[in-house]
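Participant: here's my sequence, what's the structure:
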Amino acid sequence: MTFQADIQEYSYSPHDVQRVQHLEDKANIALMVMEGNKEIMISLVGFYADLFKDDDFDLRKQCRDDLNAFRFDVGSQIDDIRAQINRIKVLLKILADRKNLVGITSPADCVC
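Facilitator: Below is the predicted model:
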């Protein structure tokens, strides 16, 4: 029994490379924004954690439950942002692979 794969040839244009590059640029911008947002939210959690330790904060006892709930919610958002960052990094890897594929298989690069 023989198995024959259906092999197709693709021809990529400079537009294809530009499109992949455009998507990669957008993903890099999204990664930068998400990393910045993560750091801001981590700082925010740190600020409220320090507020608990501040003896001059008179409402510490009355607000404890609300502050804990807020810190928990922000912590959950940070976890979500980390997951999004990981997804963006995977997307960037895929885009780099596609750009490499398109660049390698373009007719100008072909040694026939």
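
Participant: show me what contacts residue 101?
Facilitator: Taking C-beta atoms under 8 Å, 6 or more residues apart in numbering as the definition of contact, residue 101 has no neighbours. Bear in mind the C-beta positions are built from the backbone N, C-alpha and C, glycine included.

Participant: what pLDDT does it get?
Facilitator: Listed pLDDT for residue 101 reads 80.

Participant: same question for stretch 85-93, mean pLDDT?
Facilitator: Looking at stretch 85-93 alone, the average pLDDT works out to 97.

Participant: longest helix of the protein, counting residues only.
Facilitator: Ranked by number of residues, the top helix in the chain under DSSP state H is helix 60-104.

Participant: what stretches of this structure score poorly on pLDDT?
Facilitator: Applying pLDDT under 70 to the chain flags the ranges 1-10, 103-112.

Participant: how does it look with 50?
Facilitator: 106-107, 109-112 (pLDDT under 50).
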